[in-house]
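# Whatever this is, show me its structure:
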Amino acid sequence: MNTEHLKSSKFVKLLKDAGLVKQGVLQDHCLTSQLTKRRSVEPLTTVQVDLIFKKLTGNEKPPGNKLLLPSKLAQLEKKQFTQSLRVEQFVKALVLVGRTAFGLEHDSKDIDVLFRLINEYLVQLD
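Now for the predicted structure:
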């Protein structure tokens, strides 16, 4: 079992299971409005989740036609092919998901966003 890295597909599945991601492009409007009223959240699309994932895994292209030192090129290539989240990136991803879903700006603290996301969606103590 891989406990150190989380692939994009598993991250999306986690958020779908928690009810934070729309199940399809044409989601039932009644279901969306009930979810929004119940938890005051706008479900994310898989595209939004993928963009958050890509932002944190650092899939960047090498800059233009610049000459790079071999060490810098090696670092960039290593960063370019990262396809999974480490624990620190996973926490940052959850904060970004929370900010997007709750419509929060950067004035709220990361820990508050993370706490709310975990309590309302990821940990169900019913």
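# Do you have the strands of the protein handy? List them.
For the chain, the strands defined by DSSP state E occupy 6-7, 84-85.
# so where is this structure shaky, pLDDT-wise?
Along the chain, the model assigns pLDDT under 70 to residues 1-2, 23-40, 59-82, 124-126.
# Would you map the helices across it?
8-17, 29-39, 46-57, 70-80, 87-102, 110-117 (DSSP state H).
# re earlier: from the strands of the chain, which stretch is densest packed?
For these, average neighbour numbers computed from mean count of other C-beta atoms under 10 Å are highest in strand 84-85, which has a mean of 20. C-beta here means a position set from N, CA and C on the backbone, and glycine is covered the same way.
# what sits up against that strand?
H5, L6, K7, S8, F11, F53, L56, T57, A93 (C-beta atoms under 8 Å, 6 or more residues apart in numbering).
# So the fourth one is in contact with Q89, correct?
By that I understand S8. No: at 11.6 Å, S8 does not count as touching Q89 under the criterion of C-beta atoms under 8 Å.
# Quick check: phi and psi at L104.
phi -90, psi 150 (degrees, to the nearest 10).
# whoops, I mixed them up, A18
Per-residue torsions, A18: phi -80, psi -10 (degrees, to the nearest 10).
# Nearest residue to it in space, please, no chain neighbours.
Leaving aside its sequence neighbours, A18 sits nearest to Y121 (C-beta to C-beta, 6 or more residues apart in numbering; 4.4 Å).
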